[in-house]
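Student: could you work out the structure for the sequence below:
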Amino acid sequence: MSKLRTYIEESTDELLNKVSWPTWSELQSSGVVVMIASIIISLIIFLMDSTFSTLMEKIYEII
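Tutor: Below is the predicted model of the structure:
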């Protein structure tokens with residue numbers, strides 16, 4: 001039981017004193033970067049899916 005207590009105390013100390021937490025503006029800018037990257041990736045996937053769907057429709061028309 002003492003090991004568990006030591007683990008919790010050391011974890012709390014590390015989170016409060018040793019971790020460098022980002023500022024609010026850093027979080028906002030990181031959030032914007034993630035949002036833009038997500039939009040770009042979703043557009044790429046949409047375009048690939050549309051292209052493949054159109055290609056498959058053309059192939060099925062031939063067959």
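Student: going forward, measure contacts between C-alpha atoms and count neighbours the same way
Tutor: Noted.
Student: how many neighbouring residues does S11 have?
Tutor: Residues lying near S11 (other CA atoms under 10 Å) number 13.
Student: can you tell me the element it falls in?
Tutor: Assigned by DSSP states H and E, S11 belongs to helix 2-13.
Student: next one: V32 from E26, what distance?
Tutor: 10 Å (CA to CA, to the nearest Å).
Student: typo on my end, D13
Tutor: In terms of CA to CA, D13 sits 24 Å off from E26.
Student: what's the local residue count around S30?
Tutor: S30 has 13 nearby residues by other CA under 10 Å.
Student: for the record, mean pLDDT for the one helix or strand it maps to?
Tutor: Element membership for S30 (DSSP H and E) is helix 24-62. Helix 24-62 comes out with an average pLDDT of 97.
Student: who does that helix touch, helix- and strand-wise?
Tutor: The criterion is 3 or more CA pairs under 8 Å, 6 or more residues apart in numbering; DSSP states H and E, and there are no helices or strands that helix 24-62 contacts.
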